[in-house]
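Student: need coordinates for the below:
(one chain, ligands or ions: 2)
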Amino acid sequence: MAPSMESQQLEGPLNNNANASANVVLADEVPHKSRVTVVGSGNWGSVASKLIASNTQKINSFHDEVRMWVFEETLPSGEKLAEENVKYLPGIKLPKNVVADPDLEHAVRDANMLVFVTPHQFMEGICKRLVGKIRKDAVAISLIKGMEVKREGPCMICTLISKILGISCVLMGANIANEFSEATVGYREDKEIAEKWVRLFNTPYFMVSTVEDVEGVELCGTRKNVVALAAGCNNEDWLERDEGLLKLLFPSVKDNTFFESCEVADLITTCLGGRNRRCADAFARNGGKRSFDELEAEMLQGQKLQGVSTAKEVYEVLHHRGWLELFPLFATVHEICSGRLAPSTIVEYTEHSARLPLLESSAHLN
Ligand SMILES: NC(=O)c1ccc[n+]([C@@H]2O[C@H](COP(=O)([O-])OP(=O)(O)OC[C@H]3O[C@@H](n4cnc5c(N)ncnc54)[C@H](O)[C@@H]3O)[C@@H](O)[C@H]2O)c1
Ligand SMILES: O=P(O)(O)OC[C@H](O)CO
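Tutor: Numbering: from 1, shown residues only. Ligands and ions are numbered 1, 2, ... in the order given. The predicted structure follows:
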C-alpha cells in the first residue's frame with residue numbers, strides 16, 4: 001500500500017484523512033528535527049501518542065507528526081482498527097498530528113525516536129521484524145511492563161530491544177492510561193538522550209524525571225503487575241515492596257530508584273485501580289472457577305493483562321535459581337493463576353523471615 005493510502009489521521013474516532021502523509025515534511029528535508037513513531041496503539045499506546053503529539057506541536061525540535069503503528073484488527077462491525085480506533089481508547093480525542101499506520105516497517109522508516117508500547121509478549125517478534133528497517137541514528141524507549149525468560153535467565157524487554165536493535169531507554173511510572181500523572185525515565189549513561197525523552201513526554205499534567213538505572217526502573221514496572229494480582233486476591237501485604245528480588249536479579253539496581261514514580265507510586269496506582277487488580281478481584285470473587293483468560297477477554301475487550309504471564313516468568317526464574325521459598329508472594333501468585341492453589345491462599349501468605357538476612361549475603365546466588 002502506498003503511504004498516503006495506508007495512513008489515516010486520528011481524531012476521536014479516527015478521521016479518515018487518507019492524504020495526511022502527503023502534507024508531511026520528510027525527516028531528511030529538516031534533518032535537525034526529530035521524528036517520532038509510537039509502536040503500539042492499545043490503551044496506553046494511544047494515550048502516550050496523545051501526550052507526545054501535544055508536545056511535538058509545541059516544541060520546535062520535533063516534527064509535528066507522530067506516527068502510530070496500529071496492529072491491524074477487524075472489529076465485529078467489520079471496520080478495520082486503523083480506520084476506527086474506538087476499541088482501545090474510546091471517547092478520547094487524539095490530536096490531528098497523530099497518524100495511524102498499519103504497516104510496521106513503513107511506520108518506523110523515517111523515525112529517529114521510537115516509542116515501544118505493546119503488550120510484552122509481542123515484542124520479540126516485532127523487534128525481529130524491524131532489524132535493518134530503522135534509521136541508523138534511531139534511539140528507542142520502552143513503556144512496556146513485562147519480561148521474557150530465556151534459558152540464560154530473565155531478559156528485560158529493554159534488553160531485548162537493545163540486543164536486537166541496539167538502542168534503549170525505559171519509561172515507567174504511576175500511569176494508568178485514563179488517569180496518567182507522572183513517570184520516571186531510566187537511562188544508561190546517556191543523560192542527553194534521557195533529557196530528550198523528558199522533553200517529549202513531560203507536560204504540566206504528566207511530570208517526568210530521570211534516573212540512571214534502566215533495570216531498576218523496568219523491574220519496578222514489571223514486578224508490580226504481579227503484586228497487583230495479589231492485591232486483587234485480597235492480599236493485605238501488597239504494599240510490601242520486594243526490592244530484594246530486584247537486587248538479586250540485577251545487582252546494579254540502585255536504591256534511589258525506589259524513591260521515583262516507577263516504584264511505590266506505580267505500585268499503589270496499579271494495585272488500587274489497574275487491570276491486573278480488577279481481573280484478580282473478579283477471579284477471587286469467582287473462587288478461581290473462571291480462568292484469567294476468560295476474565296481478560298470479557299472484562300478487557302482486547303486489552304491485555306501482563307501480570308499473569310509475568311507471574312509465570314518470575315516463577316520460572318525463582319524455580320530455576322532455587323529461590324521459590326524466599327519469595328512466597330510471587331510464587332503463590334503464579335500457583336493461584338495457574339489453578340494449583342485457591343485464590344484464598346494468598347491471604348495466608350506470610351513474610352519469609354529468612355529473606356532479609358539472605359539479601360545481605362546474596363552474592364553467592366548470582
Ligand atoms: N494501559 C495502561 O494503563 C498502561 C500504563 C502503563 C504501561 N502500560 C504498558 O503498556 C504496554 C501496552 O499496553 P496497552 O495498555 O497500550 O495495550 P492494551 O492492553 O490496551 O492493548 C493490547 C494491544 O495489543 C495489540 N495486539 C493484539 N494482538 C497483537 C499481536 N499479535 N501483535 C502485536 N500487537 C497485538 C492490540 O491491537 C492492542 O493495541 C503493556 O506492557 C502495559 O503493561 C499500560
Ligand atoms: O492496568 P494494569 O494493571 O495493566 O496497570 C497499568 C499500568 O502498568 C500502571 O502503571
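Student: separation between the residue in the stretch 251-366 of the chain positioned nearest to ligand 2 and ligand 1?
Tutor: When you check the stretch 251-366 of the chain against ligand 2 by CB to the nearest ligand atom, the closest residue turns out to be residue 274, at 2.6 Å. C-beta coordinates here come from the backbone N, C-alpha and C atoms, glycine included. The span separating residue 274 from ligand 1 equals 7 Å under the rule CB to the nearest ligand atom, to the nearest Å.
Student: that residue reaches residue 229, doesn't it?
Tutor: No. With the criterion set as CB atoms under 8 Å, residue 274 and residue 229 do not qualify as a contacting pair; they are 9.8 Å apart.
Student: okay, those two: which has more neighbours?
Tutor: In terms of neighbours (other CB atoms under 10 Å), residue 229 is the more surrounded of residue 274 and residue 229; the figures are 35 against 26.
Student: confirm that that one sits in a strand.
Tutor: No. According to DSSP: H, G, I helix; E, B strand; the rest coil, the state of residue 229 is helix, so it is not within a strand.
Student: my guess is it contacts residue 307. True?
Tutor: Yes. With contact defined as CB under 8 Å, residue 229 reaches residue 307; the gap is 4.6 Å.
Student: joint contacts of these two?
Tutor: Taking CB atoms under 8 Å, 6 or more residues apart in numbering as the contact criterion, the common neighbours of residue 229 and residue 307 are 276, 280, 333.
Student: okay if I get those as TSV plus secondary structure?
Tutor: Converted to TSV, the shared contacts of residue 229 and residue 307 look like this (three-state DSSP):
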residue	secondary structure
276	helix
280	helix
333	helix
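Student: nearest to ligand 1, out of those: which one, please.
Tutor: Each of the shared contacts of residue 229 and residue 307 was scored against ligand 1 by CB to the nearest ligand atom, and residue 276 proved nearest at 8.8 Å.
Student: quick one: residues contacting that closest one.
Tutor: Residues in contact with residue 276 (CB under 8 Å, 6+ apart) are 225, 228-229, 232, 270, 305-308.
Student: residue 209 now?
Tutor: Applying CB under 8 Å, 6+ apart to residue 209 gives the contacts 182-185, 198, 260-261.
Student: near ligand 1, which residues of the stretch 201-350 of the chain are found?
Tutor: Where proximity means CB under 6 Å from any ligand atom, the interface of the stretch 201-350 of the chain facing ligand 1 comprises 303-304, 306.
Student: which one (most neighbours) among the residues you listed?
Tutor: Using other CB under 10 Å as the neighbour definition, those reach their maximum at residue 306, which records 22 neighbours.
Student: tell me the secondary structure at residue 53.
Tutor: Classification of residue 53 into helix, strand or coil gives helix, according to three-state DSSP.
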